[in-house]
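**Student:** Pasted the sequence and its predicted model underneath.
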Protein chains: 2
Amino acid sequence: MNSVTINDVAALAGVSIKTVSRVLNREPHVRDELRARVLAAAETLNYHPNFAARALAGSRAYLIGLYYDQSSLGYISGVQHGAMSACREAGRHLLIEQIQEQDVAGREQIETLLANVKIDGVILPPPVCDRLDVLQVLDQRGTPHVRIAPAGQFDRGPYVYMDDRQAAYDMTAHLQALGHRRIGFIRGHADHSVSALRYQGFVQAMQAAGLEVASQWVQPGSFSFRSGAAAAERLLNLSDRPTAVFASNDDMALGVMAVANRIGLTVPDDLSVAGFDDSPIAQVVWPQLTTVRQPVIEMAYEAASMLIQGAQSAPDGPGRLLDFTIIVRGSTGPSPREALG
Amino acid sequence: MNSVTINDVAALAGVSIKTVSRVLNREPHVRDELRARVLAAAETLNYHPNFAARALAGSRAYLIGLYYDQSSLGYISGVQHGAMSACREAGRHLLIEQIQEQDVAGREQIETLLANVKIDGVILPPPVCDRLDVLQVLDQRGTPHVRIAPAGQFDRGPYVYMDDRQAAYDMTAHLQALGHRRIGFIRGHADHSVSALRYQGFVQAMQAAGLEVASQWVQPGSFSFRSGAAAAERLLNLSDRPTAVFASNDDMALGVMAVANRIGLTVPDDLSVAGFDDSPIAQVVWPQLTTVRQPVIEMAYEAASMLIQGAQSAPDGPGRLLDFTIIVRGSTGPSPREALG
DNA sequence: TTGTAAGCGTTATCAA
DNA sequence: TTGATAACGCTTACAA
């Protein structure tokens, strides 16, 4: 395609190709004068090193892999975005690969993949980051990887994550600060590790504020709209119904808002509702949803950066912690009692 | 990484590397016996051809590019999924690249990109497919590309698309078949080419059924939840309010449902609501939204396939047309009048 | 039908 | 500090 090669640059600069290579790779031991001449020649010729040749000859591939699984398309968009930013800044490219769900197929797929394209490292978002077979193949081949928000296997190499417990704690504190004392909570699906963490944060915040966690105010859910609506039915029909409901994710929070709407409660005047995830729907509804934004893009950016800088060894501590953000929108407001008082 | 090379296979099979290359690339002129021997050897050694070496030596790169723009993250997930399926089946890889929004930056970025990594072709989803600067650079370098649902420039090479007008027509017909005769319509943002097409389909279906398109039943919108809600306020407060509302996208349809809910109308018993896009939120709400599913995945699959098969020349006719699907869910039901009759 | 030899455009080796 | 020259693993002429 591009007919300008390292030879052309070397010829124009009047040096050997090795010197050009040195300059372009920022290696030491090149006289400033030569360096300048090479750079000028490259600029003049509009030279861009050939990616395939580099990968073939060198130890680096200038390629970062993103292995994901079909399940979390929305989430993946953010991961991709963050990873790509880091890649672009470092002159890397991002190779996306969807991993087959079945153990055997997935394992074989990755083995073929790794045998066939040299990759500098792999980013593993959930739920792929928790697949033991994937980790095994990667480790076996010595391919560096960084996991995003893994649920376990914390001693199995570097990862980035956020503090779900603290986020739930802070969101609960936000509701308390608005004067709410009767706060309902809708738990997430029991299979997901974050469900327990978010519940924990809620309970701790309530206890810290000396508030009661009445058992009827804590309802089970499964992260779906319907389960949120069902939980809301139970919560809002209580004689001492809560003035605020904190759902473990946005889908369920929407369920709460729908039920509130139906039974004539205005959000946030009569009932405050908070979610978790800051999914796109949080901004689609009205009032817009107060929620927790996970640093998805930042985590992916960080993961890619670690890979680019060569994150073979585990980082300091138990992984890299990134900050969440409490996004206050229209669905939470002062407690009714407070407003009257 | 993978130390098994074509030489190893050739040695084990007792042939030259050229014969191995021929077999692996399915070239003709190889005796069946040798072919079998090579295949067996490759299998035994678990050989996988090196991607970078192939790209460097040959004319193909085994790499398909997907150039997108930040604006359409949800849509892009589907595009990616479809493109990847096609790539995987054909032993290709997918290289994702986000194109800078600014003209100059974007142009330079693509030029660098193409100079630097050999690519067999590029998939251009909206809105990148409508950027003249991008098309220009691609054409200039002779890089094959297939656009997905472009808004114009139809003589500028191959593309895939769906028939928005027909989809709107069919959805309107669905509502008519349920007995609705007073059908409201909420238009999309005037800047988007699909807005006019969807409106056209609606009007044609109404005329075909001999139904009135009263001006007060057609409301402007801008694809946002709020604009849908605002339009619904106007529609549902009419004395002769429609029994069904067809919104030009799902976000606006949700706005309609929210307003209906608030003023005490039950969906679908009192009011049917239909959307367009089958976005994730369509399944989050309750009742779930009747909508039009665009063949996003299929279009991307098709685009990638065309590229892999070498789609330099324009395909037959004005582009490749793919079918939409009318997804009937709970938000549409028999017209109230019909139900009573 | 098969094989030999010459690239492809880099990086790595090792001598100067 | 530099530069020949040999890999890297494959495809593509071109010969046999």
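**Tutor:** Nice, thanks for sending it over.
**Student:** Which element, helix or strand, includes A:Leu66?
**Tutor:** strand A:63-68 (DSSP states H and E).
**Student:** Can you name the element that comes right after that strand?
**Tutor:** Following strand A:63-68 toward the C-terminus (DSSP H and E): helix A:73-89.
**Student:** Next, see if the next helix or strand after that next one gets close to DNA strand C.
**Tutor:** Next along the chain after helix A:73-89, taking DSSP H and E as the criterion, comes strand A:93-98. No. Interface with DNA strand C: strand A:93-98 contributes nothing (Cβ under 7 Å from any atom of the strand), its closest point being 14.7 Å away. In short, each C-beta sits where N, CA and C put it, glycine included.
**Student:** neighbouring strands for strand A:93-98, and are they parallel or not?
**Tutor:** Counting by DSSP bridges, the strands paired with strand A:93-98 are strand A:63-68 (parallel), strand B:93-98 (antiparallel).
**Student:** between the first one and helix B:73-89, what angle do the directions make?
**Tutor:** Meaning strand A:63-68. 100 degrees (axes from the mean of the first three to the mean of the last three Cα atoms, to 10 degrees).
**Student:** Would you map out the domains in chain A?
**Tutor:** Domains of chain A are assigned by automatic domain parsing as A:6-49, A:63-162+A:297-310, A:164-293+A:326-339.
**Student:** Can you pull the phi/psi pair for the residue nearest to A:Ala53 when sequence neighbours are not counted?
**Tutor:** Spatial nearest neighbour of A:Ala53, chain neighbours left out: B:Leu56 (5.4 Å); criterion: Cβ to Cβ, 6 or more residues apart in numbering or on different chains. With angles defined as degrees, to the nearest 10, B:Leu56 sits at phi -70, psi -40.
**Student:** worst average pLDDT in the strands paired with strand A:93-98?
**Tutor:** Here these differ in mean pLDDT, and the lowest is strand B:93-98 at a mean of 90.
**Student:** The closest residue to A:Ala260 other than its chain neighbours: neighbour count?
**Tutor:** Distances taken as Cβ to Cβ, 6+ apart put A:Leu271 closest to A:Ala260, at 5.1 Å, once the chain neighbours are dropped. For A:Leu271, the neighbour count with other Cβ atoms under 10 Å in any protein chain shown is 29.
**Student:** What of A:Asp155?
**Tutor:** Neighbours of A:Asp155 (other Cβ under 10 Å): 7.
**Student:** part of a helix, is it?
**Tutor:** No. Judged by DSSP: H, G, I helix; E, B strand; the rest coil, A:Asp155 forms no part of a helix; its state is coil.
**Student:** Okay, A:Asp270 and A:Gly264: tell me how far apart.
**Tutor:** Distance of A:Asp270 to A:Gly264, computed by Cβ to Cβ, to the nearest Å: 8 Å.
**Student:** nope, A:Glu33 is what I was after
**Tutor:** Distance from A:Glu33 to A:Gly264, by Cβ to Cβ: 81 Å.
**Student:** can you give me the helices in chain A?
**Tutor:** With helices called from DSSP state H, chain A shows them at A:6-13, A:17-24, A:32-45, A:51-57, A:73-89, A:103-116, A:132-141, A:164-177, A:193-208, A:225-236, A:250-262, A:296-308, A:336-340.
**Student:** quick one: buried residues of the longest one?
**Tutor:** This means helix A:73-89. Using 16 or more other Cβ atoms under 10 Å in any protein chain shown as the test for burial, helix A:73-89 gives A:73, A:75-88.
**Student:** contacting residues around A:Ile6?
**Tutor:** Taking Cβ atoms under 8 Å, 6 or more residues apart in numbering or on different chains as the criterion, A:Ile6 is in contact with A:17, A:20-21, A:24, A:47, A:49.
**Student:** Also A:Ser227?
**Tutor:** The neighbours of A:Ser227, taking Cβ under 8 Å, 6+ apart as the test, are A:186, A:220-221, A:252, A:255.
**Student:** Ok, A:Arg262 next?
**Tutor:** Contact partners of A:Arg262, counting by Cβ under 8 Å, 6+ apart, are B:Asn261.
**Student:** mind redoing it with 6 Å?
**Tutor:** With Cβ atoms under 6 Å, 6 or more residues apart in numbering or on different chains as the criterion, no residue contacts A:Arg262.
**Student:** next one: A:Pro268
**Tutor:** Counted by Cβ under 6 Å, 6+ apart, A:Pro268 has contacts A:331-333.
**Student:** do A:Met206 as well
**Tutor:** Neighbour list for A:Met206: A:Val213 [criterion: Cβ under 6 Å, 6+ apart].
**Student:** Quick check: pLDDT value at it.
**Tutor:** 98.
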